[in-house]
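**Q** give me a model of this one.
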Amino acid sequence: MPNLSFGLEGKEQCQEKLKPDTIKKPMAETIKKAITFLDRSVKTSTPVDTARLRSSITSKVIGESGSVFTNIEYAPYVEYGTKKMEARHVVEGASARVLGKGPFTYALELLQNKMGELLDGLGAAIQSRFG
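**A** You can find the predicted model right below:
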C-alpha cells in the first residue's frame, strides 16, 4: 500500500487573518461613520427656533455600539408631535418644515438609505486585510 501524506501551507497565516481582530477595527470604524452620519442628519433636520434642541443633540460611540440622543425635555414633542402640533423635521437646504416625521425618524430613514454604502465599505476594509 502506498504511503500518502499531505500538508497545508499557510495555515498559520490563514488562522491569523481569521482572528476576530481582523473585523473589529473596520467594524468599529463603520459604526463610528454611521453614528456620525446619524448625528449630523438629526442636527440638520431639527427645526430651529432658539437652537437649544439642535445644539443639545449628542452622539456617543462605545465599543461596538453607538447612540444619538438629547436630554431636552420638549424633544419628544418635536419628534412625535402633540394633539395640537404634528411631528416635524427640516430637509437640508430647504427652509420649510416637513410635517409627519420628527428629525430622529427622518434621520434614521436617511441612514437606512446609506447602509448599503457603509456595508460595502466595511466589506472592502475587511477584504483588504486578507490581501
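**Q** quick one: contacts for the most centrally placed residue in the chain?
**A** Nearest to the mean C-alpha position of the chain, by Cα atoms, centre = their mean, lies Ala34 at 2.1 Å. Neighbouring residues of Ala34 by Cβ atoms under 8 Å, 6 or more residues apart in numbering: Gly66, Leu111, Lys114, Met115, Leu118. To be clear about C-beta, it is placed using only N, CA and C from the backbone, and glycine gets the same treatment.
**Q** Lys33 is in contact with the last one, correct?
**A** Yes - if you go by Cβ atoms under 8 Å, Leu118 and Lys33 touch, sitting 6.0 Å apart.
**Q** that older thread, which among the contacts of Ala34 end up buried?
**A** Gly66, Leu111, Leu118 (16 or more other Cβ atoms under 10 Å).
**Q** which of the contacts of Ala34 fall in strands?
**A** Using DSSP state E, Gly66 are the members of those that sit in strands.
**Q** Serialize the contacts of Ala34 to TSV and add fields for distance to Thr58 and pLDDT.
**A** TSV is the format used below for the contacts of Ala34 (distance: Cβ to Cβ, whole Å; pLDDT from 0 to 100):
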residue	distance to Thr58	pLDDT
Gly66	11	93
Leu111	17	94
Lys114	20	95
Met115	22	94
Leu118	21	94
